[in-house]
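>>> My questions are about this predicted structure, shown below with the sequence.
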Amino acid sequence: MAPKIRLIVVFIFFAAAFSFSQKSTDSLINALPLMKEDTAKAQALIKIAKSYLGGDHSERALPYILRSLEICNKIGYDRGTAGCYGHLGGYYYSHSDFKNTIKYWMLAIKFAQNFKDGRVLASLNNNIGLVYMDQGTYERAEECLLKGLELRKIEDKFNELSGSYNNLGLLYYKMGHGNKDDARKKELLERSEKNYLMAIKIRVELADSFGLAGSYGNLATLTSDKGDKKKAIELGKKSLEMYRKLDVPYEVLTSLIDLGEIYITNKMPESALPLGEEALQMTYTYNVPDMRRNAYTLLTRIYAMLGQYAKAHDIAMELVQISDSLYNAENYRQINEMQTIYETEKSETKNKFLTEKNQLQEKEISSHETKKKYLIGIVIMVLLFAVSAVIFYFRSRLQNRKLEIFNRQISHQKIEIEKQKEIVDVKNKEVLDSIQYAGKIQNAIFPSQNEFLNLGVDAFVFFRPKDIISGDFFWIQKKDDLLFYATVDCTGHGVPGALMSMLGAALLNEIVNEKGVQEPCAVLDLMRERIIASLKQQEVRNENTDYDKMQDGMDMVLCRLDLKKNILIFSAAQNPVWIIKDEKFNEFHGDKQPIGLSPTEQVPFVQHTIELKKGDYVYCFSDGYADQFGGPKGKKFKYKPMSELIMKNHLLPMAEQKKCLEKTFDEWRGDYGQVDDVLVIGVKV
């Protein structure tokens, strides 16, 4: 039985592991032109490349890796250079270009030695060893794998040692399997078993069920080769059972075929048959065409061993039909063998029949007639074989012709797709340029984050849009001793949210500055009327159409602070206001209705009046900070931790409070994409 090699390739080059959605990748690509040529940009380029590696568009990764490599070399970032060469090796490995794979991993080792990261060097040596092993260069493979093992011992990477021992077990098994020198074969298989058992020992201590299942499967193959049928079957069953419990279909499929091979090796085709049938069914259920060939091959061998040569022949012919890639010398050999056996079986059956018939008629017919019948039988058999050969030949030509037509169609489609991509790229650039210009307009209209300081107010503004343009905005206005300011969260973000924000800012300027309305509750009531009228929401409600338009609006807090008397008056739609007064935390909930059409009955907004004194703090915000996903479990940050964070740091200077909020937000978010615009304003009385 051929050894089953499971390659586990691990790359550890940059400080963080990256997991990105397509949305996050697109955001990074859009941000690249705005980034400086530094380590952050180099890492961002690798993040983009990693999102493509291993997928359907892995070829897209190459230009981003090369661009990152260019930056790393330019700024002397050795860790990044090693990482780029490592990912180049991984890219060429996925495209089966093993010469370039080894070339770039060797370069990665050269640069990794500069920053003396033993874990990186161990992984690279391990990966190179696996490629050499796969190519049959066993001495070089052994050298690299042993070096990787020693590095992991020095680095005290206990959990990674099991992988090194497992890979050495695979190597010695391949070196010993089929070795004609019995003494050498025994020595190599004993080495293989020793390393497998070391891997199993570590994985038992780590409770690594997945790794253990693989080790038991490998040991089962080795044990079968050594002739211990009972133990091999026991280990193979154990591996299969563990994979079933872990619910990993691909590994279950591999184990079914491996255990089936063990049964075949030990002349137990009846036991192998249900495994082969289940494996074949799984290749269709989970759409695993690369394993389908193995399942068909296993079933062909099973039926041949059972003596069901016609069935074996039929399955072999199905193997030809399911994949054009099976037209190679090995498959022709197997199919022709089944054809020969099938025709031989038919020939033997017919000869037996003719012999029995001749014995019965021996006294009635002459020797000449008997020879004539034999000759006819032989001619019929030759004709049958010739017809089968002709059918097989023309079927092969037809399949090859279909393949040529398909390849031409693919070629034409590729050219057309490339043309369409060029058009899409141009359109994307035009859209991006427009959005960036809209962002400049929005920044010019809204106040700067230093506006409070310009007015002599001790405050901070933490404002981070999700996209280039924002649906959140803040508004500031001072009239004599009265300071008006608002935090506003418009429906949506990006372009839709930005359009609503422009409307909201215009209404605030009109109502407060032009009409002179100073009561926050009256401002919110008027804004609601104008939003409903501007968006024609009442008409939509009356017509009972387009429910989404009824949801457009804003959540906001509008504050009026008397800087001389220290009296705060505010009204709020949906969002709360937090006040730290006399070192105590107080929360004032906003009205449960938006600035826009509400699904419930609309009532006037409530106005709150709070007497403050020097050293009190007022905080208002949108929901973007609390709703950000992140942390070890990928959950929302939520309002309670946010309030505790503010209470913990409120005695710090306002600028330091802002830094604490920014740092906590970034650490919580980690590699998750920002989900919404973020706005937090803190004012010290």
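All right, it came through fine.

>>> among the helices and strands of the chain, which one scores worst on average pLDDT?
helix 329-360 (a mean of 44; mean pLDDT, DSSP states H and E).

>>> Might one say that Gln607 is in contact with Asp525?
No. With contact defined as CB atoms under 8 Å, Gln607 and Asp525 do not form a contacting pair (10.2 Å). C-beta coordinates here come from the backbone N, C-alpha and C atoms, glycine included.

>>> What pLDDT is listed against the residue lying closest to Lys267 once chain neighbours are set aside?
What sits nearest to Lys267 in space, not counting adjacent residues and going by CB to CB, 6 or more residues apart in numbering, is Met305, at 7.3 Å. Here the pLDDT value assigned to Met305 is 88.

>>> Repeat that for Lys363.
pLDDT recorded at Lys363 is 54.

>>> Same check on Gln537?
On the pLDDT scale, Gln537 gets 76.

>>> pretty sure it contacts Ile595?
No. Counting by CB under 8 Å, Ile595 is not a contact partner of Gln537; they are 11.3 Å apart.

>>> And the two? Which one has more around it.
Ile595 (30 against 20; other CB atoms under 10 Å).

>>> how about the helices in the stretch 151-300 of the chain?
158-176, 182-206, 209-225, 229-246, 249-265, 269-285, 289-305 (DSSP state H, counting those that start in this stretch).

>>> Can I get those in a markdown table including mean neighbour count and distance to Asp134?
Shown next, in a markdown table, are these (neighbours: other CB atoms under 10 Å; distance: least, CB to CB, whole Å):
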| stretch | mean neighbour count | distance to Asp134 |
| --- | --- | --- |
| helix 158-176 | 23 | 9 |
| helix 182-206 | 17 | 16 |
| helix 209-225 | 23 | 15 |
| helix 229-246 | 18 | 22 |
| helix 249-265 | 23 | 16 |
| helix 269-285 | 18 | 23 |
| helix 289-305 | 20 | 16 |
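
>>> Need the per-residue pLDDT for Phe382.
Wrong residue type there; residue 382 is Val, not Phe. For Val382, the predicted pLDDT is 57.

>>> just use 836 as the starting number from now, easier for me
Sure, I'll start numbering at 836, so the last one becomes Val1217.

>>> so where do the strands sit in the chain?
Under the criterion DSSP state E, the chain contains strands at 1294-1299, 1307-1314, 1317-1325, 1389-1397, 1402-1408, 1412-1416, 1419-1423, 1443-1446, 1452-1456, 1464-1465, 1470-1471, 1513-1519.

>>> ok now stretch 1346-1354, how far from the chain's centre?
Relative to its parent chain, stretch 1346-1354 has a centroid offset of 53 Å by CA atoms, centre = their mean, to the nearest Å.

>>> can you give me the end-to-end distance of that stretch?
10 Å (CA to CA, to the nearest Å).

>>> before we move on, what about stretch 1460-1470?
From its first residue to its last, stretch 1460-1470 covers 13 Å (CA to CA).

>>> which intervals of the chain have sub-threshold pLDDT?
Residue ranges of the chain with pLDDT under 70: 836-858, 889-891, 991-993, 1155-1229, 1231, 1246-1247, 1268-1269, 1272-1273, 1327-1329, 1374-1386.

>>> try 50
By pLDDT under 50, the low-scoring segments of the chain are 836-855, 1159-1189, 1382.

>>> Kindly export stretch 1289-1301 (C-alpha atoms) in CSV.
Provided in CSV are the C-alpha atoms of stretch 1289-1301 (Å, rounded to 0.1, in the frame of the first residue of the first chain):
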residue,chain,number,x,y,z
ASN,A,1289,-10.5,76.9,20.0
LEU,A,1290,-13.6,78.0,22.1
GLY,A,1291,-11.7,77.6,25.4
VAL,A,1292,-13.5,74.5,26.5
ASP,A,1293,-11.6,71.5,28.0
ALA,A,1294,-12.9,68.6,26.0
PHE,A,1295,-12.0,65.8,23.6
VAL,A,1296,-13.5,64.3,20.4
PHE,A,1297,-12.8,60.7,19.4
PHE,A,1298,-14.2,60.5,15.9
ARG,A,1299,-13.3,57.6,13.6
PRO,A,1300,-15.4,57.1,10.5
LYS,A,1301,-15.8,53.5,9.2
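
>>> Count the neighbours of the closest residue to Val1453 other than its chain neighbours for me.
Using CB to CB, 6+ apart and skipping the chain neighbours, the partner closest in space to Val1453 is Val1518 (4.7 Å). Other residues lying near Val1518 total 23 when counted by other CB under 10 Å.

>>> how near is Val1518 to Arg1363?
25 Å (CB to CB, to the nearest Å).

>>> Setting aside sequence neighbours, what's the nearest residue to Lys1350?
Leu1361 (7.9 Å).

>>> Do I have it right that Glu872 meets Ile910?
Yes. Taking contacts as CB under 8 Å, Glu872 lies within contact range of Ile910: 7.1 Å.
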